[in-house]
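# sharing a model prediction with you, sequence too.
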Amino acid sequence: MSKEDLRVIKTKALIRSAFISLIDSKGFSPITVQDIATEAQIGRGTFYLHYQDKYDLLKKLTDGVLNDLASCIQTSLHIQNGVFYAKALEGMLVIVFDQIRDNSMFYKTMLTAEDIPNFQQHLTKFLFDKFKIEFLKLEIDANRLDFPHDMLFSYLSSSVVGIIDWWLKNNMMFSTEYMAEKMAVLFSQGPLNLIGMQVKFD
């Protein structure tokens, strides 16, 4: 990698860090390109070398972080030949929570910013689509499942977003390993089983 490439990477990182800091402190709507440039300690011209405007920056930043998150989610790591491996899921979830922790300022800001509408819904839909893609890779005979697939993906994606939001709002008080362990148990055993609830279907 050339020195120029390293400078570009560093400049983009400064711009994105400044952008998130500004959203956190004053909201998205009032921010100008000059605000971002001043916060990042760069010139306006440098900003425009990389982004068209603050909306382009928001989209590219969001897409990049969520694509990194999606790359951590690989069903093939914990489901093989119809067998679910809970420990393997736990290992994958550690990586997922590590990624969220490393981008915690982004997630915290985006989930709480009042003038960036629907980020939570966007994140939920992003995970819904990812879970659907991973499910199709399993090549399970759909006719054998008497359960709407989209309902399952909706439940999983909403649950994951809710847990992420809860963890961040509680200042990540539990380690990524702890969160992965508990989520793996929740996925494998279900909430009713975990609280010792007897289930009857008649």
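Sure thing, it's come through.
# dump the helix or strand containing Trp166 to PDB, restricted to CA.
Under the criterion of DSSP states H and E, Trp166 resides in helix 149-169. C-alpha atoms of helix 149-169 as PDB (Å, rounded to 0.1, in the frame of the first residue of the first chain):
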ATOM      1  CA  HIS A 149     -39.800 -17.800   7.000                       C
ATOM      2  CA  ASP A 150     -40.200 -14.100   7.000                       C
ATOM      3  CA  MET A 151     -41.800 -14.200  10.500                       C
ATOM      4  CA  LEU A 152     -38.700 -16.000  11.700                       C
ATOM      5  CA  PHE A 153     -36.300 -13.500  10.100                       C
ATOM      6  CA  SER A 154     -38.300 -10.600  11.500                       C
ATOM      7  CA  TYR A 155     -38.200 -12.100  15.000                       C
ATOM      8  CA  LEU A 156     -34.400 -12.700  14.800                       C
ATOM      9  CA  SER A 157     -33.500  -9.400  13.400                       C
ATOM     10  CA  SER A 158     -35.700  -7.400  15.800                       C
ATOM     11  CA  SER A 159     -34.300  -9.400  18.700                       C
ATOM     12  CA  VAL A 160     -30.700  -8.800  17.700                       C
ATOM     13  CA  VAL A 161     -31.200  -5.000  17.300                       C
ATOM     14  CA  GLY A 162     -33.000  -4.900  20.600                       C
ATOM     15  CA  ILE A 163     -30.100  -6.600  22.400                       C
ATOM     16  CA  ILE A 164     -27.500  -4.400  20.700                       C
ATOM     17  CA  ASP A 165     -29.500  -1.300  21.600                       C
ATOM     18  CA  TRP A 166     -29.800  -2.500  25.300                       C
ATOM     19  CA  TRP A 167     -26.100  -3.300  25.500                       C
ATOM     20  CA  LEU A 168     -25.000   0.100  24.200                       C
ATOM     21  CA  LYS A 169     -27.500   2.000  26.400                       C
END
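# now that helix: buried residues?
Of all the residues in helix 149-169, those buried under the rule 16 or more other C-beta atoms under 10 Å are 153-154, 156-157, 159-161, 164-165, 167-168. Just so you know, the C-beta spots here come from the backbone N, C-alpha and C atoms, and that holds for glycine as well.
# then stretch 12-31?
Across stretch 12-31, burial judged by 16+ other C-beta under 10 Å covers 12, 14-16, 18-20, 22-24, 28, 31.
# just the ones of those residues in helices?
Counting by DSSP state H, these place 12, 14-16, 18-20, 22-24 in helices.
# so Leu66 makes contact with Phe126?
Yes. Between Leu66 and Phe126 there is a contact at 5.2 Å, judged by C-beta atoms under 8 Å.
# hmm, back to that, tell me the one among the ones in helices among the buried residues of stretch 12-31 nearest to Leu61.
Relative to Leu61, the closest of these is Arg16; by C-beta to C-beta it sits at 5.3 Å.
# was I right about the closest one contacting Val65?
No. Counting by C-beta under 8 Å, Val65 is not a contact partner of Arg16; they are 9.2 Å apart.
# for Asp24, what are its contacts?
105, 108-109, 113 (C-beta atoms under 8 Å, 6 or more residues apart in numbering).
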